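Colleague: okay, structure incoming, though there's no sequence with it:
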């Protein structure tokens, strides 16, 4: 960022009721604060109390989101299964091409099998859980590359 | 960032109601803060737990300090007297020319008379306490204008 | 005893239970919705599981999600707290079917007392004085009008599956009957899934006095004395105290005995509360029974020195009850103020970020809360952010200690009802103990 | 009763006193040095006065400034807290001369017990067992060597005007005597303004047990039972509890009686503490008396239900003592952990800004502290930032409750001794109650 950019930023907020601009570059962060009277505050903030064991997946999911990929999250708390039964092959593997709506996994809760469907056409980029893993509500299970 | 850039930044905020610019370079970070009121915000690390009745004096003392004036503060908690005894004239009045070391007031604590001396040659600009007022340690009593 | 317990709740009561579990050496699992990711109960538990989105229906009221969460975490019991699923006999049953101990009463007892109309009938059958009113569901307007003629106005219309102050309407005038019955029926249907209504005589200037009991599930029951809960707004308790100025030893014994008789007859398990209305002449009427831990249990804990939550968990875990009626001594006086995130004038809930949070401390001041500096109070749930409870050796000192603690309590960034509590505590009628269920009206 | 009291102290004890005053309906005046402008005690008091610069000598130990502050604020009494001027008979006297009630013992009693050597003589004169040792000031090395021969090594050299664990040296070897006497003398001179020394037998594996008493100033004295204060580091108490596992009812009665005899003989006024060493055979020796409120008074408050500070103020204000020995009941068990701003390994004080401060809460957890989020711990004073005190119905539950509370206590930005407390509480010897004054050595 050059002095001229800063100048431009200052001119930008002059006469507006913006009182603070914060800018970062690594991992992009911006923070604009309006005066208390007007008070709308933009804050891009990550989940502050991330469950430790879900962090890696969350990070993966964020990267996915940033790079235009699609993350398929668990709609329920339960046990993840990658195949219809232990003796059968997984629904999908990394590299499998999938259609939107296609069953790609199962989350079992109280003997109820919740099928997990692909959210988009594309290629399975990552499978974030192993067969039998416990999963929480909202945890990412798969990353699909719609462009793949 | 070079000296010239800093100079430019300073010129930039001169006359505007920007009170803070923060800038980092590694991973780029910038932060610009405008004063909410429009007036220039001065963070003087003022006493945060100011006794309400001492606020006015403190403000006066700060103004004094800013404009090169000298504030004479109470060296003790006690009762302020402006004259050697109730029947006598005050040591000084506004406009009185004083010499450094000259007695200009008294703070009494436990029957002990602590004389207050002028910290500098000059003219008494303000007398911040009335005869008999309670004063705390460090409270400003007089403002002296050394240039006066 | 259990090795791991899932706490199917949020907020201060989840924390209260997690604290008890930790003190008992039992691992705890917190559950949370996506709106509660930064909630304090998730930090204090040993483990935590996200069970659903912000809406209670899909998270804290989502029985399959809770049981599934307990299963993937290997918990052997579920504590429901209060509210949410705590009084749902179906949930209690599903827990047991899933091999998870439900830390609460037996499902059939929850069911019996959950239908307030059936409970009236049951208690009346024991020869105990219940509030004058109907023992059958109100069939139609005519039924209600007949009742009004029988027992006189004003009346209060309640939902059979309601309770805890919810779903009530007062009838002052016979002309209002048709309209109120219609509205009450449709509200009951939508709020409780059951349109059944019943009618009781409405006493305006009475006290709400309740007796805390604990049962061992086999007919052993001890009574821990009364709580005075007359200070209510919109039928919700606001300030509770123990003991009550209106209850002397003789009356206390009679109320204790009555409560014990009901609980013993059921073979009730764990802590429960029998609610009575007490009139000016010292006559008391059974109103309803709450088959769960109550918000205001701490006042009883502080005057008896007994840890009700730990005892509840021990009883559910199969241990013998450690209390006996002989050992129960009520000492001193305790008050609880419910600190809600709400506008003190309009009582509208006030969600948002808490910028400053300074908790009172010092002698005999207890805070059961879940707020902290920087906590963002979500708009989805109950507005209770902390219970402030004090103890002292008599009521006057207890009131002054509460005033001192309220003065110390600083919560900024959201509105709270602290100013209203201060006003009530400073009022002459409160000091004199001249309180009824209509007390708060003059302050709002 | 007083209408306004100046609290001549800072930190948690100033707050404890301000709370008691507020609960008694008495206005409070906080004093503060320029380093304490944002200190919590200045916010909780009704009024405040800046009395001097950061250095204690010019502020909290500055008697004329304190008295002058009381005068300009119109206070009618001064509470000295503990430390600072609380055991300075001269200050007590100057207060009274200035027409300000000193909320503490009579000056001559402070003086009598303040000189630890004279106190030994006085108590010995009552026929009470004191620690073996000298009854006169140590004149020279030869005197010390003779004492060593008489009572045997190891010995402990103490300053007559010391006390509270300060100014002590242990002699294990006769050869060390000349050197240690020389050093101790010069240290005593500079620390207490008096080079007088005395010598006691040094017992290594004993317990420090003290009895809390309260006197009415006219010979009426009640004893509130013992505190176990053996967990010390550098002769400073670290963890206190009540009751002690080593004291049974019979021993408690004997220790109570002994303490009462001393205090009654003096005609002692207000709360005071008689410190004893207790050996393995149950024999106890008078060590010293502290003529002031003690840091650890809350553990006694929690097991007796008595408000020691309120009682102290009432007695000083001329009211009758409300306690009688017959009414004193010790119930349950209490522990106090002193939370210090210090490196848990090196014990070096850790000043600086507290970035996160989450105080534990819930049932029977008391925090007497003065820290808050954003508070800047000044480097000038005692490192104590909070006392964490818990109560439970027995010692095991009390320990588990304390562990739970320590787990909840989050202080970031400065170092604290919380990790060391956790280690001690989790140790087998602590659980078993196998503790002596040397206990902590193995943890550091």
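Modeller: Done, it's in. Just so you know, these numbers come straight off a predicted model, no measurement behind them. Numbers count the residues shown, from 1 in each chain, chains lettered A, B, ... in the order given.

Colleague: going forward, measure contacts and count neighbours with C-alpha atoms only.
Modeller: OK.

Colleague: so where do the strands sit in the stretch 251-400 of chain C?
Modeller: C:269-278, C:284-290, C:333-340, C:352-353, C:356-358, C:365-369, C:376-377, C:384-392 (DSSP state E, counting those that start in this stretch).

Colleague: direction included, what does the longest one pair against?
Modeller: Read it as strand C:269-278. According to DSSP bridges, strand C:269-278 forms sheet pairs with strand C:207-216 (antiparallel), strand C:284-290 (antiparallel).

Colleague: that older thread, for the strands of the stretch 251-400 of chain C, give me CSV that also has mean pLDDT, distance to residue C:103 and mean neighbour count.
Modeller: Listed next are the strands of the stretch 251-400 of chain C as CSV, based on pLDDT from 0 to 100; distance: least, Cα to Cα, whole Å; neighbours: other Cα atoms under 10 Å in any protein chain shown:
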stretch, mean pLDDT, distance to residue C:103, mean neighbour count
strand C:269-278, 98, 8, 25
strand C:284-290, 97, 15, 23
strand C:333-340, 98, 25, 26
strand C:352-353, 96, 33, 16
strand C:356-358, 97, 33, 18
strand C:365-369, 98, 20, 25
strand C:376-377, 96, 28, 22
strand C:384-392, 98, 23, 24
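
Colleague: and of these, who's closest to residue D:72?
Modeller: Nearest to residue D:72 among the strands of the stretch 251-400 of chain C is strand C:356-358; the distance by Cα to Cα comes to 30.7 Å.

Colleague: hmm, the closest one touching chain D?
Modeller: Yes. Contact of strand C:356-358 with chain D (Cα under 8 Å from any Cα of the partner chain) involves residue C:358.

Colleague: how about low-confidence regions in the stretch 301-444 of chain C?
Modeller: For the stretch 301-444 of chain C, no stretch is flagged by pLDDT under 70.

Colleague: which bits of it sit near chain D?
Modeller: Contacts of the stretch 301-444 of chain C with chain D, taken as Cα under 8 Å from any Cα, map to C:305-306, C:358-359, C:361-369, C:372, C:393, C:397, C:400-401, C:404, C:408.

Colleague: let's go with 6 Å and repeat that
Modeller: Residues of the stretch 301-444 of chain C lying close to chain D (Cα under 6 Å from any Cα of the partner chain) are C:361, C:362, C:367, C:368, C:400, C:401.

Colleague: wait, the fourth one sits on residue C:387?
Modeller: Yes. The pair residue C:368 and residue C:387 passes the contact test of Cα atoms under 6 Å, sitting 5.1 Å apart.

Colleague: quick one: list the elements packing against the helix or strand hosting residue C:156.
Modeller: According to DSSP states H and E, residue C:156 maps onto strand C:155-163. On a contact count with 3 or more Cα pairs under 6 Å, 6 or more residues apart in numbering or on different chains; DSSP states H and E, strand C:155-163 meets strand C:166-171, strand C:197-201.

Colleague: which ones are touching the closest residue to residue C:361 other than its chain neighbours?
Modeller: Spatial nearest neighbour of residue C:361, excluding adjacent residues (Cα to Cα, 6 or more residues apart in numbering or on different chains): residue D:367 at 5.5 Å. Residue D:367 makes contacts with C:361, C:362, D:387, D:388, as judged by Cα atoms under 6 Å, 6 or more residues apart in numbering or on different chains.

Colleague: the same query, at a cut-off of 8 Å, please.
Modeller: Each residue near residue D:367 by Cα atoms under 8 Å, 6 or more residues apart in numbering or on different chains is listed here: C:361, C:362, C:363, D:359, D:360, D:386, D:387, D:388, D:389.

Colleague: okay, the residues you listed in JSON lines with distance to residue D:231 next?
Modeller: Below are the contacts of residue D:367 laid out as JSON lines (distance: Cα to Cα, whole Å):
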{"residue": "C:361", "distance to residue D:231": "25"}
{"residue": "C:362", "distance to residue D:231": "23"}
{"residue": "C:363", "distance to residue D:231": "23"}
{"residue": "D:359", "distance to residue D:231": "24"}
{"residue": "D:360", "distance to residue D:231": "22"}
{"residue": "D:386", "distance to residue D:231": "17"}
{"residue": "D:387", "distance to residue D:231": "15"}
{"residue": "D:388", "distance to residue D:231": "15"}
{"residue": "D:389", "distance to residue D:231": "15"}
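
Colleague: circling back to that earlier point, widest-spaced pair of the residues of the stretch 301-444 of chain C next to chain D?
Modeller: C:368 and C:400 (19.5 Å).

Colleague: just the buried residues of stretch C:202-220, please?
Modeller: C:202-203, C:205-217, C:219-220 (16 or more other Cα atoms under 10 Å in any protein chain shown).

Colleague: just stretch C:252-270 next, same as before
Modeller: Judged by neighbour count (16+ other Cα under 10 Å), stretch C:252-270 contains these buried residues: C:252, C:255-264, C:266-270.

Colleague: now that stretch, how far from the centre of its chain.
Modeller: Here stretch C:252-270 is found 18 Å from its chain centre; the criterion is Cα atoms, centre = their mean, to the nearest Å.

Colleague: residues contacting residue C:188?
Modeller: Each residue near residue C:188 by Cα under 8 Å, 6+ apart is listed here: C:159, C:161, C:162, C:167, C:194, C:195, C:196, C:197.

Colleague: and the least confident of these?
Modeller: Least confident by pLDDT among the contacts of residue C:188: that is residue C:167, with 77.

Colleague: so who does that one touch?
Modeller: Residues near residue C:167 by Cα under 8 Å, 6+ apart: C:158, C:159, C:184, C:187, C:188, C:191.

Colleague: tell me the one of the residues you listed nearest chain A?
Modeller: Nearest to chain A out of those is residue C:191 (Cα to the nearest Cα; 25.5 Å).

Colleague: so for the helix or strand the closest one falls within, what gets flagged as buried?
Modeller: Using DSSP H and E, residue C:191 maps to helix C:177-192. Within helix C:177-192, the residues that count as buried by 16+ other Cα under 10 Å are C:177, C:180, C:181, C:184, C:185, C:186, C:187, C:188, C:189, C:192.
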